[in-house]
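Visitor: just coords:
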C-alpha cells in the first residue's frame, strides 16, 4: 500500500509575480546605460575646479572605485526589502560622506507595509543606535531624508548576555518595537567605538516576518530598479558630497561651525549628536593646533577628511582621535596638532600630505558644545603653543601605537 506525501500548505510559498521581461535587461542596454554613468563619474575627479596634484588624482580615482563599492552594497547587494541582510554601508575600505572613524555603519532595506525582526547580541560598543529611515542616499537630496523611529542600547530589553529581539512594524508590538510608516526604506545601525581595542561589535541579523524560503528567483524589474538606483548614487550622491566638501573648503581657512544636536536626526543623522564641520589648511612646514575643553558627554571625536569627503585612512594613520584615545593637558584642554609630519606629541592628527581638507568634530550626548579655536603656525614654533609638560612620542612608540590602531580596525571590520 502506498500513499502520496502532500506538502503542508503552510510550507508552500505563494507564487511570485511573473517576470515582466524588462526590455532594457533582456537586450543588455541597461548595462550600457550604467557604463555611461560610470564614465561620466570621472568628472568628479577631472573637473577643472578639482585638485589636480598626483596625490589628489590617485585619491580621486580610488574614491570612484570605493564609492562604487559602497553604492553596490547600498543599492544592489543589500537592497531587497523582502529578504534583507545587513551590509556595511561604509568602512575603512570604502569611506564616503564624511564618515566617522569611530563608527561601524550597517544598512538593510525594508518597506513600510511589512514587519521585520532584528535579533542578536548588542556587543559592547560605547553606543549603539538602530534607526528606521526614509529617503535614500542615492537621491542626493538631504531634504528627502528623515528618521521615523530609533532605539539605543538603553531603550532595549536584553537578557543577561545582551541578547535581544526587536520587531519593526507599523503597529505597537510586545517587547522591543520600532515603528514603521508607509515610506520606510531602510534600517541603519550605528555603533560608536571609544576603546577600539576592547569594545566588541554587535552581532545582528534581520528578517522579514512571514517571509518564505528559499527566496523566489530574481526578476528583471528588480535588478533594473537596483541598477538605476546605483546610477543615481553615482550621479546625484556623488555631486552632493562634492558640493558639501567644496562648501567647507571655501570657508575661511581653519574655521569650523557646529550644528545643534536638537534636530540632529531630522535628516538621518544620529539623535543627540552635535556635528561640527569645518576645514584645515597648513603647509608641510606648518601646523594647526586645535584647542577645546571636551564637555561631559557620552562620546566625542575629531577627524580629518580629504577633498572627496573621505576620512583620511584611520587604520594606517592617526588621522582621528576620540575621548578615549586623546590626551588632555593638565588644564583639561585637548590640544590636537594637525601636521604633515609627526611632531612627536600624543595628539598628532596626520594629514596624509594634504595641505587642506575637511575637519569633523562630533559631540554625542553632551551637556555643552564648546567651540574650538584653531591656530596656524610654523612647525618649528609648535612648542610655544603647547604646555611645557607635553609628553614626547618617539618613532618607536608611534610605530607601536599605529600597530595597535591597525589591528583594532581589522577586528572591528573582520566580517
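Guide: Right, received. Where do you want to start? What you are looking at is a predicted structure, and each value in this text was computed from that prediction instead of being measured.

Visitor: quick one: the helices in the stretch 51-200 of the chain?
Guide: Taking DSSP state H, counting those that start in this stretch as the criterion, the stretch 51-200 of the chain carries its helices at 54-72.

Visitor: the lowest-mean-pLDDT helix or strand in the chain: which residues count as buried?
Guide: Among the secondary structure pieces of the chain, namely its helices and strands, strand 256-259 has the lowest mean (mean pLDDT, DSSP states H and E), a mean of 92. For strand 256-259, burial by neighbour count (16 or more other Cβ atoms under 10 Å) applies to 256, 258. No exception for glycine: its C-beta is placed from N, CA and C like everyone else's.

Visitor: starting from that strand, tell me the next helix or strand along the chain.
Guide: Helices and strands here follow DSSP states H and E; after strand 256-259, the next one along the chain is strand 273-281.

Visitor: wait, what's in contact with residue 404?
Guide: Each residue near residue 404 by Cβ atoms under 8 Å, 6 or more residues apart in numbering is listed here: residue 197.

Visitor: check which helix or strand covers it.
Guide: In this assignment (DSSP H and E), residue 404 forms part of helix 395-412.

Visitor: now that helix: buried residues?
Guide: The neighbour-count criterion (16+ other Cβ under 10 Å) identifies 405, 406, 408, 409, 412 as the buried residues of helix 395-412.

Visitor: beta partners of the closest residue in space to residue 189 that isn't next to it in sequence?
Guide: Ranked by Cβ to Cβ, 6 or more residues apart in numbering and with sequence neighbours excluded, the top spatial neighbour of residue 189 is residue 106, at 4.0 Å. Following DSSP bridges, residue 106 is listed with bridge partners residue 88, residue 189.

Visitor: ok, residue 106 - how many residues close by?
Guide: Taking other Cβ atoms under 10 Å as the neighbour definition, residue 106 ends up with a count of 20.

Visitor: please look at it and residue 201 and confirm they touch.
Guide: No. Look at residue 106 against residue 201 with Cβ atoms under 8 Å: they stay out of range, at 9.3 Å.

Visitor: find residues that contact each of the two.
Guide: Common contacts of residue 106 and residue 201 (Cβ under 8 Å, 6+ apart): residue 191.

Visitor: about what we covered before: for residue 219, state which of the buried residues of helix 395-412 is nearest.
Guide: Within these, distances to residue 219 taken as Cβ to Cβ reach their minimum at residue 412, with 36.1 Å.

Visitor: any idea how far residue 195 is from residue 405?
Guide: Residue 195 sits 12 Å away from residue 405 when distances are taken as Cβ to Cβ, to the nearest Å.

Visitor: repeat for residue 321
Guide: The span separating residue 321 from residue 405 equals 10 Å under the rule Cβ to Cβ.

Visitor: got it, and residue 55?
Guide: Applying Cβ to Cβ to residue 55 and residue 405 gives a distance of 22 Å.

Visitor: next, count neighbours for residue 224.
Guide: Other residues lying near residue 224 total 16 when counted by other Cβ under 10 Å.

Visitor: quick check: next helix or strand after the helix or strand it falls within?
Guide: In this assignment (DSSP H and E), residue 224 forms part of helix 220-232. The C-terminal neighbour of helix 220-232 among helices and strands, as given by DSSP H and E, is helix 238-249.

Visitor: one step back: what packs against the least confident helix or strand of the chain?
Guide: With contacts defined as 3 or more Cβ pairs under 8 Å, 6 or more residues apart in numbering; DSSP states H and E, strand 256-259 has these neighbours: strand 273-281, strand 356-364.

Visitor: what's the angle from the first one to strand 356-364?
Guide: It refers to strand 273-281. Regarding strand 273-281 and strand 356-364, their directions subtend 160 degrees when assessed with axes from the mean of the first three to the mean of the last three Cα atoms, to 10 degrees.

Visitor: what lines up beside strand 273-281 in the sheet?
Guide: In the sheet containing strand 273-281, its partner strands are strand 256-259 (antiparallel), strand 356-364 (antiparallel), by DSSP bridges.

Visitor: need the helices and strands packed on strand 256-259 in CSV (columns: mean pLDDT, distance to residue 160 and mean neighbour count).
Guide: Listed next are these as CSV, based on pLDDT from 0 to 100; distance: least, Cβ to Cβ, whole Å; neighbours: other Cβ atoms under 10 Å:
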stretch, mean pLDDT, distance to residue 160, mean neighbour count
strand 273-281, 95, 30, 22
strand 356-364, 97, 27, 24
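
Visitor: report pLDDT for residue 374.
Guide: The model reports residue 374 with a pLDDT of 98.

Visitor: same check, this time on residue 161
Guide: In this model, residue 161 is scored at 93, pLDDT.

Visitor: show the contacting residues for the residue nearest the centre of the chain.
Guide: Centroid-nearest residue in the chain, with Cα atoms, centre = their mean: residue 99, separated by 4.3 Å. If you count contacts by Cβ under 8 Å, 6+ apart, residue 99 has them with 90, 105, 310, 311.

Visitor: show me the residues you listed that map onto strands.
Guide: Judged by DSSP state E, the subset of these located in strands is 90, 105.

Visitor: what lies in contact with the least confident helix or strand of the chain?
Guide: Contacts with strand 256-259, where a contact means Cβ under 8 Å, 6+ apart, come from 274-279, 359, 361, 363, 369, 371-372, 374.

Visitor: kindly report the same for stretch 379-399.
Guide: Contacting residues not belonging to stretch 379-399 are listed as 285-287, 289, 327, 329-331, 335, 337, 339, 341-346, 348, 375, 377, 401 [Cβ under 8 Å, 6+ apart].

Visitor: can you do 10 Å?
Guide: The list of residues contacting stretch 379-399 from outside it, by Cβ atoms under 10 Å, 6 or more residues apart in numbering, reads 282-287, 289, 291, 318, 327, 329-331, 333, 335, 337, 339-348, 375, 377-378, 400-401.

Visitor: for stretch 34-50, same thing?
Guide: Residues from elsewhere that reach stretch 34-50, judged by Cβ under 10 Å, 6+ apart: 51-52, 56-64, 67-68, 227-228, 230-235, 238-239, 241-242, 246, 307-308.
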